[in-house]
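> only geometry, no sequence info:
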């Protein structure tokens, strides 16, 4: 039997892909605290790991002064991604927007007074808040479906 391209329209190598609702995206974000922040620096994309907290509407993260801080302070657009590999699949949530500088104190609106966990002790952290203009999440099931053409 020969398989044709149209036979694979519903096939995906990672198994079924489910679009997550905005509510489910925020639930996934709230359950984690390490994400990746994407910025454009000198016309090239860069990715930085950051610790964060999610409050259901925004992401709060901190950074010390440096390249990342300078780009964020200019108000450049950002992309933020969090994902996790599960026993039988994975999920990914991507936010796009602009981060606003809050200052050196943890925002009072942070859930239960939480602070993003610290990877390294550093003086002079500045907090930023990302309010997404767009949020999208997907869940990937870790099974392979075999689709046979109808004959």
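Thanks, I have the structure now. Please read these numbers as outputs of a predicted model, since none were measured by experiment.
> can you give me the helices in the chain?
Counting by DSSP state H, the chain has helices at residues 22-30, 67-73.
> can you put those in a markdown table and add distance to residue 99 and mean pLDDT?
C-beta coordinates here come from the backbone N, C-alpha and C atoms, glycine included. Listed next are the helices of the chain as a markdown table, based on distance: least, Cβ to Cβ, whole Å; pLDDT from 0 to 100:
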| stretch | distance to residue 99 | mean pLDDT |
| --- | --- | --- |
| helix 22-30 | 15 | 94 |
| helix 67-73 | 5 | 93 |
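> and residue 47, which of these is closest to it?
The closest of these to residue 47 is helix 67-73. By Cβ to Cβ, the value is 10.3 Å.
> buried residues in the closest one?
Buried residues in helix 67-73, defined by neighbour count with 16 or more other Cβ atoms under 10 Å: 68-69, 71-72.
> got it, and stretch 21-30?
Buried residues in stretch 21-30, defined by neighbour count with 16+ other Cβ under 10 Å: 25-26, 28-29.
> next, give me the two most distant ones among the residues you listed.
Using Cβ to Cβ, the pair of the buried residues of stretch 21-30 lying farthest apart is 26 and 28, separated by 7.3 Å.
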